[in-house]
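**Student:** Test case, fold it:
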Amino acid sequence: MFDNIRSDFRAHGRDWGAQGFWVMIVYRFGQWRYKVRPQLLRRLCSLTYKILFKLVQIITGIELPCEAIVGRNFVIDHFGGIIVSGYARFGDNCRIRNGVVVGLRRIEEPSAPVIGNNVDIGAGAKLLGPIRIGDNSVIGANAVVLVDVPENSIAIGVPAIIKPRRSSSLDLHDH
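**Tutor:** Reported below is the predicted structural model:
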């Protein structure tokens, strides 16, 4: 747990005031508590987690349940209006911003997006349902993504249109 928290601290720019970092501390504690023995102590840790989860949710406007799977260097860039389903999975080096929802498309279908490594999710984006977001992809601000996004792609618009990402050298020559 403490190695993950140190890594989260570095990922959030070593800023103790970063509300995304506060959320990650509670998230890591929530996952760690499952390993606590004996059962009575684990129940006490679970109660503590539930109180901390609700407190950080109220203060930051971020809901990241410990049932979600989050990789290393997960960064919550801005606070407020962020909701992540407990069914969601994130790879390493992902970044999300304010107003992002990663969740269920239909309540009767309990499955949420699986997000690869190095994925950058813009402010206000909505990723819904049993979709996969490939490695090195970018989800544009306010995009609504309801379909799979291949590796090295960008998803923009409502509903999202998927396009291959251009390399940075191409971006410089196209202007």
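**Student:** Show me the strands in the protein, by range?
**Tutor:** Taking DSSP state E as the criterion, the chain contains strands spanning 62-63, 75-76, 82-84, 89-90, 95-96, 101-103, 114-115, 120-121, 126-128, 132-133, 138-139, 144-145, 153-156, 161-164.
**Student:** Count the neighbours of Gly71 for me.
**Tutor:** 16 (other C-beta atoms under 10 Å). To be clear about C-beta, it is placed using only N, CA and C from the backbone, and glycine gets the same treatment.
**Student:** The nearest residue to it once chain neighbours are set aside: what's it in contact with?
**Tutor:** If the residues on either side of it in the chain are set aside, Gly71 comes closest to Asp92, at 3.8 Å by C-beta to C-beta, 6 or more residues apart in numbering. Asp92 makes contact with 71-74, 117-118 under the criterion C-beta atoms under 8 Å, 6 or more residues apart in numbering.
**Student:** Longest helix in the chain, please.
**Tutor:** helix 39-60 (DSSP state H).
**Student:** Contacts made by that one with the rest, please.
**Tutor:** Residues outside helix 39-60 that contact it (C-beta under 8 Å, 6+ apart): 19-20, 22-23, 26, 29-30, 33-34, 36, 62-63, 65-66, 79-80.
**Student:** And Gln39, how far from Arg33?
**Tutor:** For Gln39, the distance to Arg33 equals 11 Å [C-beta to C-beta, to the nearest Å].
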